[in-house]
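**Q** take this sequence and fold it.
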Amino acid sequence: MTFGKTIGIICFLISLYILWKIRQVILLAFAAIILATSINRIVKLLQKQGMKRGIAVGISVFFIFLVLAGFISVIVPPVIDQWQELITQVPMGFEQLKTWYLGLQDLIPSRIFGDLKSPERLLEQIPDPGFGLFNNVFSLFSTSLGITLNVVLVIAVTIMFLSDPVPYRRNFILIFPAFYRPRVNEILNECEENLVGALVGLLFNMTVITLLSGIGLWILGVRLALVNALLAGFLTFIPNIGPTISVIPPALLALMDAPWKALAVIGLYIAIQQIESNILTPLVMKHEVSLLPAVTLLSQVIFTIFFGTLGLLLAIPLIAVLQVWFREMLVKDVMNQYQ
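**A** Alright, predicted model coming up:
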């Protein structure tokens, strides 16, 4: 191995180490790219009407903030009240679950429970939702200051990307060899289409699931239907894992009223997920972007291990972009050249 190759390998390893150390910053930059790509669609529509880009960006950002402010002023106050009540009610639901389990032991012959070494030990393993389950699931919200700073950073970088995206795109393309740069430009266009398609599909699914969950919980008479419906819709952004988590709070609240109501809530959520998987996804997501379920689940696990909660939240957009690079660069431009 020559001296030049040795230096090259060392520089490559150092680059990987630096990228690993700043991985959270890279994810925040990717979140800004997601927002900028989405808002840029609105900006382009306004530019087609004859507006200058700066004015179009300002109007688009102002419109989005206006919509968010209206949403927050109307929805957030009752949600906060219901969320606080949910935090106090769910532990009572866990206690009801323990009571129901112990009563079931008295009704069913003991030999059926003979294989369980210690049912009491099983009950002790049920986490305290005030300190265990919800803190783990929503650990992203535990450090308010850090989250606020990250949000401000993402918003600032998003506006910078929107103001003049051409230099950022051009400098990224310059990383690649000259002969391949036109192809990279094509791949970036495909990434944009794939990313927007994935986001459109997710937002549509989130909206429909929020509505279906809210209506279903209201019909069943489950308390705090609004916050539970919004929780179900929000967690749809995390496929596979989110829907499983979202059923826990309403099921526990329903259990406090009657066991049959808890089973009805579980059945409702299963039915909604079947509608989402078998109807909504084929109608919406398949037209926009095709994500294999097993690949999606494994990618979520990998991104969570390496990048934490932010990696889990951004898993679907990351998969949508990486899928394009894998298909276009590795498969079409490399592997398909070998016959």
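**Q** for burial, what's the neighbour tally of Gly70?
**A** Gly70: 10 surrounding residues under other C-beta atoms under 10 Å. Where you see a C-beta, it was placed from the backbone N, CA and C, and this is true even at glycine.
**Q** separation between it and Leu16?
**A** Separation of Gly70 from Leu16 (C-beta to C-beta, to the nearest Å) stands at 45 Å.
**Q** checking Val154 next. Helix, strand or coil?
**A** Reduced to three states with DSSP: H, G, I helix; E, B strand; the rest coil, the structure at Val154 is helix.
**Q** that one touches Val25, doesn't it?
**A** No - at 10.8 Å, Val154 does not count as touching Val25 under the criterion of C-beta atoms under 8 Å.
**Q** so between those two, which is more surrounded?
**A** Taking other C-beta under 10 Å, Val154 and Val25 do not tie; Val154 has more neighbours (20 against 12).
**Q** so what's that one up against?
**A** 28, 31-32, 35 (C-beta atoms under 8 Å, 6 or more residues apart in numbering).
**Q** contacts for stretch 328-339?
**A** The contact list for stretch 328-339 (C-beta under 8 Å, 6+ apart) reads 183, 186-187, 190.
**Q** tell me which stretches of the stretch 1-150 of the chain form strands.
**A** Ranges of strands in the stretch 1-150 of the chain, per DSSP state E, counting those that start in this stretch: none exist.
**Q** picking that back up, need the contacts of stretch 328-339 in TSV (columns: neighbour count, secondary structure and pLDDT).
**A** Below are the contacts of stretch 328-339 laid out as TSV (neighbours: other C-beta atoms under 10 Å; DSSP: H, G, I helix; E, B strand; the rest coil; pLDDT from 0 to 100):
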residue	neighbour count	secondary structure	pLDDT
Arg183	16	helix	93
Glu186	10	helix	94
Ile187	20	helix	93
Glu190	16	helix	91
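**Q** would you list these in JSON lines and tack on distance to Lys52?
**A** Formatted as JSON lines, these follow (distance: C-beta to C-beta, whole Å):
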{"residue": "Arg183", "distance to Lys52": "31"}
{"residue": "Glu186", "distance to Lys52": "28"}
{"residue": "Ile187", "distance to Lys52": "29"}
{"residue": "Glu190", "distance to Lys52": "28"}
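**Q** tell me where the stretch 1-150 of the chain has helices.
**A** 3-21, 23-48, 53-107, 119-124, 133-137, 144-163 (DSSP state H, counting those that start in this stretch).
**Q** angle of the second one against helix 3-21?
**A** Orientation note: helix 23-48 sits at an angle of 80 degrees relative to helix 3-21 (axes from the mean of the first three to the mean of the last three C-alpha atoms, to 10 degrees).
**Q** before we move on, what about the last one?
**A** Our comparison of helix 144-163 with helix 3-21, counting by the same axes, to 10 degrees, yields an angle of 120 degrees.
**Q** can you give me the buried ones in the very next helix or strand once past helix 144-163?
**A** Per DSSP states H and E, helix 144-163 leads on to helix 165-173 as the next helix or strand towards the C-terminus. Buried positions in helix 165-173, judged by neighbour count with 16 or more other C-beta atoms under 10 Å: 165, 173.
**Q** contacts for helix 165-173 next, please.
**A** Contacts of helix 165-173 (C-beta under 8 Å, 6+ apart): 36, 40, 161, 181, 184-185, 188.
**Q** now the buried members of those.
**A** Buried subset of the contacts of helix 165-173 (neighbour count, 16+ other C-beta under 10 Å): 36, 40, 161, 184, 188.
**Q** and stretch 278-296, end to end?
**A** From its first residue to its last, stretch 278-296 covers 17 Å (C-alpha to C-alpha, to the nearest Å).
**Q** I meant to write stretch 242-262 there.
**A** Start-to-end span of stretch 242-262 (C-alpha to C-alpha) is 19 Å.
**Q** buried ones in it?
**A** By 16+ other C-beta under 10 Å, the buried positions in stretch 242-262 come out as 242-243, 245-256, 261-262.
**Q** what about that stretch, average pLDDT?
**A** For stretch 242-262, the mean pLDDT works out to 82.
**Q** I'd say Ile209 and Pro239 touch.
**A** No - at 11.2 Å, Ile209 and Pro239 do not qualify as touching, with contact defined as C-beta under 8 Å.
**Q** compare the two (neighbour count), which wins?
**A** Using other C-beta under 10 Å as the criterion, Ile209 and Pro239 rank with Ile209 on top: 25 against 22.
**Q** roughly how far apart are that one and Ile238?
**A** To Ile238, Ile209 is 12 Å away according to C-beta to C-beta.
**Q** and what of Gln273?
**A** Counting by C-beta to C-beta, the gap from Gln273 to Ile238 is 13 Å.
**Q** do Phe30 as well
**A** According to C-beta to C-beta, Phe30 and Ile238 sit 16 Å apart.
**Q** quick one: which of the two has more around it?
**A** Using other C-beta under 10 Å as the criterion, Phe30 and Ile238 rank with Ile238 on top: 21 against 16.
**Q** and the more buried one, what does it touch?
**A** With C-beta under 8 Å, 6+ apart, Ile238 has these contacts: 300, 312-313, 315.
**Q** and what about it, helix, strand or coil?
**A** With three-state DSSP as the basis, Ile238 sits in coil.
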